[in-house]
Each structure stands twice: as structure tokens, then as C-alpha cells.
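In: need the 3D shape of this:
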Amino acid sequence: MDFSRRSFLRTSAWAGAALASPAFIRNAFAEDPILVGSLHDQSGPIAASGVPMVRSLELGISEVNASGGLLGRPLKLVHYDTQSNIQMYSQYAQQLAVRDKVAVVHGGITSASREAVRPTFSRFRTLYFYNTLYEGGVCDRNTFCTGTTPAQTVEKLVPYAMGKSGKKVYIIAADYNYGQITAKWMQKYVKDHGGETLSVDFFPLDVTNFGPTISKIQAAKPDLILSALVGGNHTAFYRQWTSAGMKSQIPIASTTFGLVNEPSTLDAAESEGVIGAYGYFEELTTPASTAYVGALKTMSPDIPYISELACGTYEGFHLWVEGVKKAGTIERMAVIEALETGLSFEGPSGKVTIDHPTHHVTRNAFLADVKARKWSVLETYPDAKPLDTAAVCDLVTNPTENKQYEISI
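Out: Residues are numbered from 1 along each chain as shown. As a prediction, the model looks like this:
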């Protein structure tokens, strides 16, 4: 089932009407609302990413309510600020599933947060959407992953960056499952394209002093740094790298740079030329992207940068809506089976299609570099498939599978 850009633009217009007339929406429905759960950081070091994700859910809900609701019922967001704290994720996940009894949960930013809540939603049979780019490998019929995986972005980023800079690579990454597994994919793609990995260094999320590491990199003399650093604390690396006079000597390509709005929050000299690959950039100029960005910034004029995390949340929400429409109910298994028919949504990033065997999505990927504190899109990769997860996960053959594979490479 495909949905046109015209439909997207129309629903965005409806959203504007809804935001302007909340009393109308409140009085238009006689039925009780369908509850949509949200677990996203609104405070803490990853809040700059979490805020646009929640606003994207609010935008999607306003669009649906303005167009008559879902199954004749309004949607209502039940959101908890997880405060960049894994304990809060676990606590609020149980509240959403047991006390609030929401129909679906959209949430999680880090992979650690996803793995903290995923077992809870499986146990209490609450449908879960993880809308964040990640390291791949989750195989769980109760979970849908709408963000990009390494086969969709890292596989494009590594050869492009090596082609511009050279084949000797130094990898730095966050010290948890996202960084550890992504670093393995980086090493695979470096080797596949004739390069050499000189070293791989991991850093806990609270690390802010990168002086010793910068000295190690200087001694190793790589041609390129590949970064999978995560969160506001790790932004310190880019400042310290520039202060050490290294920015003009060794370029950086990253799988995470920009997710906490680094191009705008760092000085131009600190961000200029960094290369990234994602499933969405705010700078895309398609009609659907322009309409989405305009609607989101009209609703929240002070919103930080709109990254793949926000866009993936918006698109994941609308995929769930279309699953409910096709199923004719919010009952979890019926919606899962409807989604597994290969539903598509034409959203800000382009066409996003559910892959039944993996519960991931086929979606466009984009490669860009930073120019004057904004992303400049260089390459587009249509209909990129989650081939990494497809190599280990087949929910058609094994529908009871429920684990994350750490893919062997």
C-alpha cells in the first residue's frame, strides 16, 4: 500500500488546521482515544535528538486527528521523559505497557535504551517501534525498526571517505553495543575496499577528555578517522581535535555526527567537511521533506535540527497508522500481520517499505558533508535494503525469534 506525496502534503495542511483548532478536535470524537506511547529523552545529553522525535509524533497525531482520527477514534500521546537514563527507560516502559495500556510504543534512542525496553514490550505484548538508526541485528516479531542499519549507510560512507582521503583508517566509537558492533562493520567495509584499520578505540558515554586519544592518533598517522561517537559528551572530541590543529590534516567521516545538532552547535571550523550518511537530512528539498520541516518548525519554532531520528519517528508512526487501517483494529497481532504485507509510506525521506522477514525497512539513504554549518547532500542511494539484518533474521521462517544478533563479520 503506497501513499503519495500529495497525500503527505494534504495531511500536513490538516495538521496545521488541527494545531490551530484544538477545541474542534477535542469535540469531534465521541469515542475514547487510542493511546500512543512515547519514550524519548527530553533532558540529558541526548535531548537535542529526543525533542524533535517527540515533536514528530505530536505532528503525526495532529494530522491523523485533523483527518478524522483512526478507526473513528482520536489519538492521544502518552509521553515520558526518559532523561537519558536507562533506569527511567525500564520504569516507564512497564508503566506504558501495564498501567497506561497503550496500543503501541515509539521510543528509544541509544541501542542500550532499546534493549532495556524491548523485553518488557515482548512480555506484556505491547507493539514496539524503534525508529532510530542502529547497528542492526534485532530479530523480534513484536518490534519494527525503521531507522537505517550499517548495510544502508556505513557501507556507502566508508568507501566514499576512503576514496577521498586514503586507506589507512583509525576508528573511534562509543563503548556499548552500538559503537562496538558498528566498529566491526566499519572494519569489514575498510577491508572489503582494500584499506587497513590501524586501531579501534572505545569510549564510555560520559568521557569528555580525548587528549590521550588524539596523541595516539597523531602517532598512528592515519589517512582517515571513522567515528561512531555518541551524544553530547562525545562532541568534545571534535572541539579538541580542531584545537590540536588536526582538523585540516586528517578528515573525519561519522555514522553519528549531526544527531545532536553538531553542525550548528560547533564552530564552523570544527564541523566543516565532516562526512555523514543517513536515511534523512533536513536539507533535502523534495516537496514532502519541505512540507514536513515546515510543519514541524511551525509547531515548534525553536526545534533543534531535524535528523533521521525525527524523520524515522514520523515515518514509523505513519506506518503503524496504515497498519491499523489495514487491520481494522488496534489489536497487536492483527496490526503486525497487516504491516507484514509490505506496507509502504511515502514520507519526507521518500518511500519507506516494511520488510517482512526482518521487520526493518527498505528506504533511501543519503551521503552528505558539512559546509558552512549545514549538511550538503552529495549522493542519494534509492531503496537501500537492510541486508545486514537479513543475513541473520527471517521472521517468516522463524516467527518466534526474539533476540539481537551480533553479526559475525
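In: thought His40 was touching Gly50, still the case?
Out: Yes: with contact defined as C-beta atoms under 8 Å, Gly50 reaches His40; the gap is 4.1 Å. For every residue, glycine as well, the C-beta is placed using N, CA and C.
In: for Leu71, which non-adjacent residue is closest in space?
Out: Take Leu71 and drop its neighbours on the chain: the residue closest to it by C-beta to C-beta, 6 or more residues apart in numbering is Val324, 6.7 Å away.
In: so that neighbour sits against Gly69, correct?
Out: No: Val324 is not in contact with Gly69 according to C-beta under 8 Å; the separation is 10.9 Å.
In: without its sequence neighbours, what residue ends up closest to the most centrally placed residue in the chain?
Out: When C-alpha atoms, centre = their mean is applied to the chain, the residue found nearest the centroid is Thr132 (2.4 Å). With sequence-adjacent residues excluded and distances taken as C-beta to C-beta, 6+ apart, Thr132 is closest to Gly147, at 4.5 Å.
In: quick one: the one you found and Tyr130 touch, right?
Out: Yes: Gly147 is within contact range of Tyr130, at 7.1 Å (criterion: C-beta under 8 Å).
In: domain parsing for this structure?
Out: 5-148+283-363+386-404, 154-254 (automatic domain parsing).
In: distance from the first one to the middle of the chain?
Out: Translated: domain 5-148+283-363+386-404. Counting by C-alpha atoms, centre = their mean, to the nearest Å, domain 5-148+283-363+386-404 is centred 11 Å from the centre of its parent chain.
In: what packs against the helix or strand hosting Leu367?
Out: According to DSSP states H and E, Leu367 maps onto strand 360-371. Counting contacts by 3 or more C-beta pairs under 8 Å, 6 or more residues apart in numbering; DSSP states H and E, strand 360-371 is packed against strand 143-145, helix 154-165, strand 275-278, strand 350-355, strand 374-384.
In: now do it and strand 374-384, the angle between them.
Out: 160 degrees (axes from the mean of the first three to the mean of the last three C-alpha atoms, to 10 degrees).
In: for the stretch 151-300 of the chain, which segments count as strands?
Out: Ranges of strands within the stretch 151-300 of the chain are 168-174, 196-203, 224-228, 252-254, 275-278, based on DSSP state E, counting those that start in this stretch.
In: save the ones you listed as TSV, and put in mean pLDDT too.
Out: Formatted as TSV, these follow (pLDDT from 0 to 100):
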stretch	mean pLDDT
strand 168-174	97
strand 196-203	97
strand 224-228	97
strand 252-254	97
strand 275-278	98
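In: list the contacts of Gln94.
Out: By C-beta atoms under 8 Å, 6 or more residues apart in numbering, the contact list for Gln94 reads Thr120, Phe124.
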